[in-house]
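Enquirer: pasted the sequence and its predicted model underneath.
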Amino acid sequence: MAENQQVKDGMLWAAERTFGRLAERMGIKVKEFNSERAVATMPVEGNTQPIGLLHGGAYVVLGESLGSMHANFIAPEGYVAVGVDINATHTNSAISGTVTGVCVPVHVGRSLTVHEIVITRDSDGKRCSTIRITNFYKKLERKP
């Protein structure tokens, strides 16, 4: 399949599946979604701590949304990805504008997948958070 078709199909899949209500409330917007990576933006405004910094949990929501969705996109037929571990290291802050998360698979195995999500400030490209998520591929149960 041509790369442009993969990008289109991934974006269509993500749009049909949606990232969920929490992602909608936080203003997360998918910009790129294909078998190689997933990219989304999130506004700082509305997602801050009382002192005005982007909330650490908001970084994690963006990271988990990208990592879990991508793991499901590349899941083997008949399986669903479920999160079993997430880790975030915040190394800088965002106080305005938007941030962008770029998610790439680090390991794709038969039963586990690991993704790294790097979140940067759009204003200057400075890395604010690095997130690693591990998903387990669970066999879908068939209902009688």
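Expert: Good, I have the coordinates.

Enquirer: what residue is smack in the middle of this protein?
Expert: By C-alpha atoms, centre = their mean, the mean C-alpha position of the chain lies nearest to residue 66, the distance being 1.1 Å.

Enquirer: that's a helix at residue 68, yeah?
Expert: Yes. Looking at residue 68 with DSSP: H, G, I helix; E, B strand; the rest coil, it is inside a helix.

Enquirer: residue contacts, the nearest residue to it once chain neighbours are set aside?
Expert: Leaving aside its sequence neighbours, residue 68 sits nearest to residue 83 (C-beta to C-beta, 6 or more residues apart in numbering; 5.7 Å). Glycine gets a C-beta too; all of them are placed from N, C-alpha and C. Counting by C-beta atoms under 8 Å, 6 or more residues apart in numbering, residue 83 touches 64, 67-68, 133-136.

Enquirer: rewinding a little: can I assume the residue nearest to the centre of the chain is in contact with residue 40?
Expert: Yes. When contacts are counted by C-beta atoms under 8 Å, residue 66 is listed as touching residue 40 (5.8 Å).

Enquirer: what touches both of the two?
Expert: residue 101.

Enquirer: where's the residue nearest to residue 68, which helix or strand?
Expert: strand 79-90 (DSSP states H and E).

Enquirer: if you count neighbours, what's buried in that strand?
Expert: 79-81, 86, 88, 90 (16 or more other C-beta atoms under 10 Å).

Enquirer: okay, these in a markdown table with pLDDT and distance to residue 28 next?
Expert: What follows is the buried residues of strand 79-90, written out as a markdown table (pLDDT from 0 to 100; distance: C-beta to C-beta, whole Å):
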| residue | pLDDT | distance to residue 28 |
| --- | --- | --- |
| 79 | 95 | 25 |
| 80 | 96 | 21 |
| 81 | 96 | 18 |
| 86 | 98 | 16 |
| 88 | 98 | 16 |
| 90 | 98 | 18 |
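
Enquirer: which of those sit farthest apart?
Expert: 79 and 90 (31.7 Å; C-beta to C-beta).

Enquirer: next secondary structure after the lowest-mean-pLDDT helix or strand in the chain?
Expert: Lowest on mean pLDDT, DSSP states H and E among the helices and strands of the chain sits helix 3-17, with a mean of 73. Counting by DSSP H and E, the next helix or strand C-terminal to helix 3-17 is helix 21-25.
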